[in-house]
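# sequence first, then the predicted structure:
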Amino acid sequence: MKFTIVTLFPEFFDSYFSMGILKRAQDEGYLEVNIVNLRDFSLDKHKKADDYPFGEGPGMVLMAQPAFDALENCAHPRIHLSPRGKPLNQEVVKSLLEHEEITLLCSHYEGIDQRVLDYAIDEEISIGDYILSGGEMAAMILMDAVIRLIPGVISGASVHEESHEDGLLEYNQYTRPRNFRGLEVPEVLFSGHHEKIRLYRLEEAVRLTLKQRPDMINRGMKTGIYSQEIIKLIEKFRKEERNEL
């Protein structure tokens, strides 16, 4: 898979791609990265890529010309990271995995000339309802979410048992020591009984999601993604909660 990143600050990504899973993905041929410096396409002698907005207003706006020229030879889909975009979730991440190449445009300041978005960008994606200084950090989050799902980058079992993969948050995890400052690890995890451990973890995942993200439970029930086993657990824990009240 190939990512092309169009940015004013290429150095932002130096350490990001030089360590951990992302470095290994490149070394093993699963990932190719191309960083495009937006300033290289500026016709201004000072390589300026922004200007004041028409109609006045605060801040600066990235100009159309450098962005259009930088994107001209970039692959589709072309995605602009923006708080105005559709929310990034696991379903969106999986849909992006279907593409062999993806181009990400990272804007700054007050945004980018709307003509770029209208005629050179395929879609806008937001990583959350808050504002960042620029699109680079958002691009990193999107790429990390997609790259780790590329077959071979991470073992299949690790990927499939994570939060959001089945409409639930991931169950709690424990490691050595078994007793830490009087705090014990749940006994069932030492039983050696795989079915009991599976059921315990599923129950914990349902409990945690009901508590932390009831919106996920409601969405999962509406879309019909849950198995009958999960639905029964949801109904059981909801009934227990009503009885406690």
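Arrived safely.

# hey, let's count contacts and neighbours off CA atoms from now on
Noted.

# and Gln26, how many neighbours does it have?
17 (other Cα atoms under 10 Å).

# and the strand or helix carrying Lys239, C-alpha only, in CSV?
Assigned by DSSP states H and E, Lys239 belongs to helix 228-244. In CSV, the C-alpha atoms belonging to helix 228-244 read as follows (Å, rounded to 0.1, in the frame of the first residue of the first chain):
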residue,chain,number,x,y,z
GLN,A,228,-27.1,-13.7,19.7
GLU,A,229,-24.6,-14.5,22.5
ILE,A,230,-23.7,-10.8,22.7
ILE,A,231,-27.3,-9.6,22.6
LYS,A,232,-28.2,-11.9,25.5
LEU,A,233,-25.3,-10.5,27.5
ILE,A,234,-26.4,-7.0,26.8
GLU,A,235,-30.0,-7.7,27.8
LYS,A,236,-28.7,-9.5,31.0
PHE,A,237,-26.5,-6.7,32.1
ARG,A,238,-29.1,-4.0,31.3
LYS,A,239,-31.6,-6.0,33.4
GLU,A,240,-29.1,-6.2,36.3
GLU,A,241,-28.6,-2.4,36.1
ARG,A,242,-32.3,-1.7,36.2
ASN,A,243,-32.7,-4.0,39.2
GLU,A,244,-29.9,-2.2,41.1
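
# pLDDT averaged over that helix - what is it?
When pLDDT is averaged over helix 228-244, the result is 93.

# so which elements touch that helix?
helix 194-212 (3 or more Cα pairs under 8 Å, 6 or more residues apart in numbering; DSSP states H and E).

# quick check: buried residues in the helix it packs on?
In terms of neighbour count (16 or more other Cα atoms under 10 Å), helix 194-212 has its buried residues at 197, 201-210.

# one more: stretch 19-27?
Neighbour counts over stretch 19-27 (16+ other Cα under 10 Å) mark 22, 25-26 as buried.

# distance between it and the chain's centre?
Centroid displacement of stretch 19-27 relative to its chain, using Cα atoms, centre = their mean, to the nearest Å, is 17 Å.

# contacts for the helix holding Lys239?
202-203, 206-207, 210, 221 (Cα atoms under 8 Å, 6 or more residues apart in numbering).

# and it with helix 194-212, angle?
Relative orientation of helix 228-244 versus helix 194-212 (axes from the mean of the first three to the mean of the last three Cα atoms, to 10 degrees): 50 degrees.

# after the lowest-mean-pLDDT helix or strand in the chain, which helix or strand is next?
Least confident helix or strand of the chain, by mean pLDDT, DSSP states H and E, is helix 156-160 with a mean of 60. Using DSSP H and E, the helix or strand that follows helix 156-160 in sequence is strand 179-180.

# list the strands paired with that following strand, with their directions.
Next to strand 179-180 in the sheet, as set by DSSP bridges, lie strand 183-184 (antiparallel).

# now render the buried residues of helix 194-212 as a markdown table, adding pLDDT and distance to Ile35.
Formatted as a markdown table, the buried residues of helix 194-212 follow (pLDDT from 0 to 100; distance: Cα to Cα, whole Å):
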| residue | pLDDT | distance to Ile35 |
| --- | --- | --- |
| Ile197 | 97 | 45 |
| Arg201 | 96 | 42 |
| Leu202 | 96 | 42 |
| Glu203 | 97 | 44 |
| Glu204 | 96 | 42 |
| Ala205 | 95 | 39 |
| Val206 | 96 | 41 |
| Arg207 | 96 | 43 |
| Leu208 | 96 | 40 |
| Thr209 | 95 | 38 |
| Leu210 | 97 | 41 |
